[in-house]
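Novice: Got a predicted model here, sequence first, then my questions.
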2 protein chains.
Amino acid sequence: MNTVPKSQRQLILSSIRRSLLELESATKVELSDKLEISFPTISKFLTQMEKEEEITSVGLDESSGGRRAKRYTYNPEHTLGLAIFLEKTETNYTIFNCAGEVKEQGNAPSVLVDNGLHLLTELIEKIVTANPSEIRSMAIGVPGAVDHGRIFHIPGYDSFRNFDLKGYYEDYFSRPVVVENDMNVAVVGFNDNSGMKGDPSLVYLYAGHNGPGAGLMVNGKVVRGSTFFAGEVQYVQQYDEQNFGQAIKSGDGNIDATSRLIALFTATINPQTVILCNDEAEQATIEKIEQATAKYIPNEHLPQFETVIGRKIIYSG
Amino acid sequence: MNTVPKSQRQLILSSIRRSLLELESATKVELSDKLEISFPTISKFLTQMEKEEEITSVGLDESSGGRRAKRYTYNPEHTLGLAIFLEKTETNYTIFNCAGEVKEQGNAPSVLVDNGLHLLTELIEKIVTANPSEIRSMAIGVPGAVDHGRIFHIPGYDSFRNFDLKGYYEDYFSRPVVVENDMNVAVVGFNDNSGMKGDPSLVYLYAGHNGPGAGLMVNGKVVRGSTFFAGEVQYVQQYDEQNFGQAIKSGDGNIDATSRLIALFTATINPQTVILCNDEAEQATIEKIEQATAKYIPNEHLPQFETVIGRKIIYSG
DNA sequence: ATCACTTATTAAACGCCTTTAATAAGTGCA
DNA sequence: TGCACTTATTAAAGGCGTTTAATAAGTGAT
């Protein structure tokens, strides 16, 4: 429940991968120092990884007085991932490499219909087999509440309710599958993609058809909430008589309401980044929002603003 | 930076301790199953812990068809902890056992003065040596911003600024020391004390002399924020023209303002518990706040309300 | 009471990471 | 070119948790 002492091998492997991506390139000694794993162990793993072309050598370092060290870099094409967003009107998917570059993008009819599971399975199979390189992980964003890969609240789409989509597809496709609320897939994706150091906090704001929503990550972990209600920001009471949901609908209060929301996040979890995801999110609007937020919060604590068009957001296992 | 592969031994030990406290009592097999650690390893550790009187056997289980299993329980007196809150007007301290029972409580003159470090050291030494049982960990709550045990922002008390209090005392007393913002010590303490399962989210609200504050824990981890601004809830804009700080000062809006704040936390991080810490927090007021909150948020998502008088909050390493 | 069966505990063999020692590869200076 | 020195890599020995096998302790039925 608490500590998951999963295979030490996997732990070492994934920490090497992470560091190698973060550092762009590294020598064995650098990795050993950074990860506090002994040199021989790092050496053994890297040798293996090089044999499998997961990493490649990019030559020798300049000598620092002694024998020159070999420098390695991660091969971003080794691990491809697939992200799928199930939406009311259509299904979006993206294939990307672990450096976050989009390799392919497309859409298909919505699978949120009767017998939708079957449709989704067919879609994924088609994508996976059509792709020359191997797709090694997948993330599925659903418009509902998810607990450990089980969809337990998805208003309107009964055929998926209470279904362990993660377990089902991990068996079916034999590779890691993430199933999350669509907002949460988005934050996780942004984070993995951005190569930020440490375990940052970030907020992903989305103004969709069915009301606004937020995806939250705090200290590097997705926040779902005790009743999976986290991120339902429309309920935040912002004015004497209006909550965020009402204010955003009324139209002209848009900028102030959004900036109040960002101020609120700053004064509570103080994230380092806020991602605005909205088709109308042009640079001019963003700047207005930034300025408006500064009215409420001391300047030095304001988050960094990022924007994303649509949902080209990426997940890497 | 990311994964801290700290000594496996410590990891196993602390997970055994946690489980034993959480389960009240357990057999070797139960621990081995729960923690996914092999039976022989659990056995070795428990034998050692029993020899050192950290755990005690409480007899044999009923047979479930074969040989009867020995059942162990944690000895709460084995590990005593000390929590110290540095305040403007005085210094509070509490000694408690790992079951959260307070063993001793007291206060001393404030050490937030010139040469305060020296005073604090003397105070701790006195407490530690005066106590018959060994105090194995300590937590210090300071009214300022703390990063990895280093106090880097503490308005008004220059003698502590930019000082690595944690490092200093860990060297000096040779035992684990936690230094945190006072709010954060409070949440961590509440959590460790409450024996909650999993990694919960909780919010600790405190209405102190120098304005309101909140301590946040999300997914079991303290939230400090990217600029250590997390929990500065007075900046939340709650009404057309007032933020929380102003509303709470104006007096009569107290209940509505507090309930709006709790609603806001529910609609963002959705914590399972909100702890109200306020001398005036009587049962009647709490109930009014609960009712007021329900106006803003669907009932089933409301957090559990807890109250604490003063700051009798506990930390256990 | 003995036997078949279940379950707890202990003992031995193995695997894997670490620590320590040894070797190889460079550099700079006489 | 050869020697002293630095640094990278490889090899050997040790520690520790796991897996597997063996043993001990109970239970219920014949």
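Specialist: Everything's here; your move. Numbers count the residues shown, from 1 in each chain, chains lettered A, B, ... in the order given.
Novice: which residues sit in contact with A:Tyr169?
Specialist: A:Thr121, A:Ile124, A:Met138, A:Ile140, A:Val177, A:Val179 (C-beta atoms under 8 Å, 6 or more residues apart in numbering or on different chains). (Glycine included, C-beta is placed from N, CA and C.)
Novice: how about a cut-off of 6 Å?
Specialist: When contacts are counted by C-beta atoms under 6 Å, 6 or more residues apart in numbering or on different chains, A:Tyr169 touches A:Val177.
Novice: Quick check: it vs A:Val178, distance?
Specialist: According to C-beta to C-beta, to the nearest Å, A:Tyr169 and A:Val178 sit 10 Å apart.
Novice: Give me the phi and psi for A:Arg68.
Specialist: With angles defined as degrees, to the nearest 10, A:Arg68 sits at phi -80, psi 140.
Novice: wait, A:Ala139
Specialist: Dihedral angles for A:Ala139 - degrees, to the nearest 10 - are phi -130, psi 140.
Novice: residues near it, how many?
Specialist: Neighbours of A:Ala139 under the rule other C-beta atoms under 10 Å in any protein chain shown: 26.
Novice: So it sits against A:Pro176, correct?
Specialist: No - between A:Ala139 and A:Pro176 there is no contact under C-beta atoms under 6 Å: 9.2 Å.
Novice: count of neighbours near the residue of chain A found nearest DNA strand D?
Specialist: Nearest to DNA strand D in chain A, going by C-beta to the nearest atom of the strand, is A:Gly66, at a distance of 1.9 Å. A:Gly66: 6 surrounding residues under other C-beta under 10 Å.
Novice: so how far is A:Phe173 from it?
Specialist: With C-beta to C-beta as the criterion, A:Gly66 and A:Phe173 are 48 Å apart.
Novice: so where's chain A shaky on pLDDT?
Specialist: A:1-7, A:192-198, A:208-210, A:251-253, A:278-282, A:309-317 (pLDDT under 70).
Novice: Near chain B, which residues of it are found?
Specialist: By C-beta under 6 Å from any C-beta of the partner chain, the residues of chain A that approach chain B are A:3, A:5, A:15, A:36, A:218-219, A:221, A:223, A:225-227, A:229-230, A:232-233, A:235-237, A:239-240, A:260, A:264, A:267, A:269-270, A:272, A:296-297, A:301.
Novice: Give me the buried subset of those.
Specialist: With burial judged by 16 or more other C-beta atoms under 10 Å in any protein chain shown, the buried subset of the residues of chain A next to chain B is A:15, A:218-219, A:221, A:223, A:225-227, A:229-230, A:232-233, A:235-237, A:239, A:260, A:264, A:267, A:269-270, A:296-297, A:301.
Novice: you'd agree A:Glu77 is up against A:Asn97?
Specialist: Yes - assessed by C-beta under 6 Å, A:Glu77 is found in contact with A:Asn97 at 5.5 Å.
Novice: When these two are compared, which one has more neighbours?
Specialist: A:Asn97 (18 against 15).
Novice: ok, the residue lying closest to that one once chain neighbours are set aside - contacts?
Specialist: Spatially, and ignoring its direct neighbours in sequence, A:Asn97 is nearest to A:Pro76 (4.5 Å; C-beta to C-beta, 6 or more residues apart in numbering or on different chains). Listed by C-beta under 6 Å, 6+ apart, the contact partners of A:Pro76 are A:Asn97, A:Cys98, A:Ala99.
Novice: how close does A:Pro76 sit to A:Ile55?
Specialist: 11 Å.
Novice: Walk me through the domains of chain A.
Specialist: A:8-74, A:79-187, A:196-308 (automatic domain parsing).
Novice: DNA strand D contacts on chain A?
Specialist: Those residues of chain A that sit near DNA strand D, judged by C-beta under 7 Å from any atom of the strand, are A:5, A:27-29, A:39-40, A:43, A:47, A:64-70.
Novice: Restricted to helices, list these.
Specialist: Of those, the ones assigned to helices by DSSP state H are A:Lys28, A:Val29, A:Phe39, A:Pro40, A:Ser43, A:Thr47.
Novice: Of those residues, keep whichever come out buried.
Specialist: Buried among these by 16+ other C-beta under 10 Å: A:Lys28.
Novice: which two from the ones in helices among the residues of chain A next to DNA strand D end up farthest apart in space?
Specialist: Greatest spacing in these, by C-beta to C-beta: A:Val29 and A:Thr47 (14.7 Å).
Novice: Now the phi/psi pair for the closest residue to A:Gly144 other than its chain neighbours, please.
Specialist: Nearest residue to A:Gly144, sequence neighbours excluded (C-beta to C-beta, 6+ apart): A:Ile154, at 3.2 Å. The phi and psi values for A:Ile154, taken as degrees, to the nearest 10, are phi -140, psi 90.
Novice: With B:Tyr168 as the reference, measure out to the nearest residue to A:Leu112 once chain neighbours are set aside.
Specialist: Distances taken as C-beta to C-beta, 6+ apart place A:Tyr157 nearest to A:Leu112, at 4.6 Å, with adjacent residues excluded. A:Tyr157 sits 58 Å away from B:Tyr168, going by C-beta to C-beta.
Novice: List, one by one, the residues from the stretch 51-200 of chain A near DNA strand C.
Specialist: Residues of the stretch 51-200 of chain A lying near DNA strand C (C-beta under 7 Å from any atom of the strand): A:Ser63, A:Gly65, A:Gly66, A:Arg67, A:Arg68.
Novice: which of those residues tops the neighbour count?
Specialist: Neighbour-wise, those (other C-beta under 10 Å) top out at A:Arg68, 12 neighbours.
Novice: Confirm for me that A:Pro303 is in contact with A:Thr268.
Specialist: No - assessed by C-beta under 6 Å, A:Pro303 is found out of contact with A:Thr268, at 11.9 Å.
Novice: who has more neighbours, the two?
Specialist: A:Thr268 (27 against 24).
Novice: Can you give me every residue that contacts that one?
Specialist: Not one residue lies near A:Thr268 by C-beta under 6 Å, 6+ apart.
Novice: and with 8 Å instead?
Specialist: B:Ala214, B:Leu216, B:Ala230, B:Gly231, B:Val233, B:Val236, B:Leu264, B:Phe265, B:Thr268, B:Ile269.
Novice: Name the helix or strand for the fourth one, please.
Specialist: Using DSSP states H and E, B:Gly231 maps to neither a helix nor a strand.
Novice: I figured it hits B:Gly213, correct?
Specialist: Yes - counting by C-beta atoms under 8 Å, B:Gly213 is a contact partner of B:Gly231 at 5.7 Å.
Novice: Between these two, tell me which one has more neighbours.
Specialist: B:Gly231 (27 against 20).
Novice: Check whether A:Thr79 really touches A:Asn97, as I assumed.
Specialist: Yes - A:Thr79 lies in contact with A:Asn97 (C-beta under 8 Å); the separation is 7.0 Å.
Novice: got the CA positions of the host helix or strand of A:Asn184 in PDB?
Specialist: Assigned by DSSP H and E, A:Asn184 belongs to helix A:182-194. Output of helix A:182-194 as PDB, limited to C-alpha atoms (Å, rounded to 0.1, in the frame of the first residue of the first chain):
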ATOM      1  CA  ASP A 182      -8.300  13.300 -19.100                       C
ATOM      2  CA  MET A 183      -7.100  16.300 -17.100                       C
ATOM      3  CA  ASN A 184      -4.700  14.100 -15.200                       C
ATOM      4  CA  VAL A 185      -3.300  12.500 -18.300                       C
ATOM      5  CA  ALA A 186      -2.700  16.000 -19.500                       C
ATOM      6  CA  VAL A 187      -0.700  17.200 -16.500                       C
ATOM      7  CA  VAL A 188       1.300  14.000 -16.300                       C
ATOM      8  CA  GLY A 189       2.000  14.300 -20.000                       C
ATOM      9  CA  PHE A 190       3.100  17.900 -19.700                       C
ATOM     10  CA  ASN A 191       5.400  17.100 -16.800                       C
ATOM     11  CA  ASP A 192       7.100  14.100 -18.400                       C
ATOM     12  CA  ASN A 193       7.400  16.000 -21.600                       C
ATOM     13  CA  SER A 194       8.900  19.200 -20.100                       C
END
